[in-house]
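1. Take a look and give me a structure for this.
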Amino acid sequence: MEAKSGQDEYSQVKQDLQQLRDDLAKLTRAVTEEQKGNISSLRDEIRRESQAAFDQVRQKGNEAVDRAKNAGDKAIHDVERKIEERPLLSVIIMFLIGVLVGKLLDR
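-> Down below sits the predicted model:
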């Protein structure tokens, strides 16, 4: 009878170990799936934040280009206005600049 009891206990321990293995496998799968979900949501969050940062940088870059273009247009307009105000002086200044550049290039 004692042999039968030992055999039953051995079978019970064997079943308990198998149940523990199954539970551990289920737990591992559950943790893995949860971590995959966390990684996926983290990846999506990083993607959204990087896109927002990129859009902000692009907007600031466009604003800087617009300011530079406006400043260039204003400078051209100012030069045109000065030339219209004093055409003879402008021609003389351009002639002198041309002579100066010519002398520098001869060297």
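2. okay, CA-based contacts and neighbour counts for the rest of this
-> Will do.
3. Could you identify the longest helix within the protein?
-> Determined from DSSP state H, the single longest helix within the chain is helix 2-85.
4. now it: mean pLDDT?
-> On average, the pLDDT along helix 2-85 is 87.
5. Might you report the residue contacts of residue 27?
-> Residue 27 is in contact with no residue at all, counting by CA atoms under 8 Å, 6 or more residues apart in numbering.
6. How much space separates it from residue 106?
-> Using CA to CA, to the nearest Å, one gets 86 Å for the distance from residue 27 to residue 106.
7. Same question for residue 12.
-> Residue 12 is 106 Å from residue 106, by CA to CA.
8. can you check residue 47 too?
-> From residue 47 to residue 106 the distance is 59 Å (CA to CA).
9. Which one of the two is surrounded by more residues?
-> Higher neighbour count among residue 47 and residue 106: residue 47, with 12 against 7, using other CA atoms under 10 Å.
10. Residues contacting the helix or strand that the longest helix of the chain is followed by, please?
-> Later in the chain than helix 2-85, the nearest helix or strand by DSSP states H and E is helix 87-106. Residues outside helix 87-106 that contact it (CA under 8 Å, 6+ apart): residue 83.
11. Start at 46, not 1
-> Fine by me, first position is 46 from now on; the one you just mentioned is helix 132-151.
12. Give me the angle between helix 132-151 and helix 47-130.
-> Following axes from the mean of the first three to the mean of the last three CA atoms, to 10 degrees, one obtains 120 degrees for the angle between helix 132-151 and helix 47-130.
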